[in-house]
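Undergrad: Structure, please.
(2 chains)
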Amino acid sequence: DIQMTQSPSSLSASIGDRVTITCRTDQTINNYLHWYQQKPGKAPKLLISVASNLQSGVPSRFSGSGSGTVFTLTISGLQSEDFATYFCQQTYTTPLTFGQGTRLDIK
Amino acid sequence: EVQLVESGGGLVQPGRSLTLSCVASGFTFDDYAMHWVRQVPGKGLQWVSTIGWNSNTIGYADSVKGRFTISRDNTKNSLFLHMNSLRPEDTALYYCVKDKGHSLGGVPATFAMDVWGQGTTVSVS
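TA: Okay, the predicted model is just below:
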């Protein structure tokens, strides 16, 4: 199984800050790495697919990068609606696996 | 509007069975692979199972293999998860999820999960 290590597990930041969340895999996954946002009581929402492809309707302050085994999600200019939990996921091979999540809250 | 609506969750005793259903609308259901993903409240996400557009490709997490069966009825835009021999550790919120791709392959297995239902809760106790 491909192990996902997401860091940090929690993060406090202020409106307007730039934050970066990192996801590491223990095998190469050919960029089949995706990022999801989940707000309390809601289902996850796909933000970025295949490392860097922004989904339609997702604000451009969200960006993804990386290759090989290290990937990052960056939010440039935090807005109040961005405070949520973020998960990475690989779909390169089964079992499909998720990172443990990063909880982003207001400082 | 693209939508997935799950049903069938509930409280069940260990060892018993339950079937979850998901009805899709707003997209061409038989073009896409579909998943079940579960989440213990306050915890992370766990992939459960995937079925390809024509049911020819299917995969399961080891933790449910042999106990759970995924199926779909494209004529009714519906996805199912038949769960047997339920265990307390199966307690979770179960999401029905659409994939951006058609099938469950080797590598890559699938694309990303782009539409999620609101989930149905299964409690095994």
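Undergrad: Show the pLDDT at the residue nearest the centre of chain B.
TA: What sits nearest the mean C-alpha location of chain B, by CA atoms, centre = their mean, is residue B:36, with 2.1 Å. pLDDT recorded at residue B:36 is 98.
Undergrad: ok, now residue B:106?
TA: Taking residue B:106 on its own, its pLDDT is 86.
Undergrad: quick revisit: tell me the contacts of the residue nearest to the centre of chain B?
TA: B:20, B:48, B:49, B:50, B:70, B:79, B:81, B:94, B:95, B:96, B:97 (CB atoms under 8 Å, 6 or more residues apart in numbering or on different chains). C-beta coordinates here come from the backbone N, C-alpha and C atoms, glycine included.
Undergrad: Ok, residue B:101 next?
TA: Residues B:32, B:33, B:110, B:111 are the ones in contact with residue B:101 under the rule CB under 8 Å, 6+ apart.
Undergrad: Output the set of residues of chain B in proximity to chain A.
TA: Residues of chain B lying close to chain A by CB under 8 Å from any CB of the partner chain are B:35, B:44-47, B:50, B:59, B:61-62, B:95, B:100, B:104, B:106-114, B:116-119.
Undergrad: Report the contact partners of the most centrally placed residue in chain A.
TA: Ranked by distance to the mean C-alpha position of chain A (CA atoms, centre = their mean), the top residue is residue A:35 at 3.8 Å. Applying CB under 8 Å, 6+ apart to residue A:35 gives the contacts A:23, A:46, A:47, A:48, A:62, A:64, A:73, A:86, A:87, A:88, A:89.
Undergrad: which residues does it bridge with?
TA: Residues in a beta bridge with residue A:35, per DSSP bridges, are residue A:48, residue A:88.
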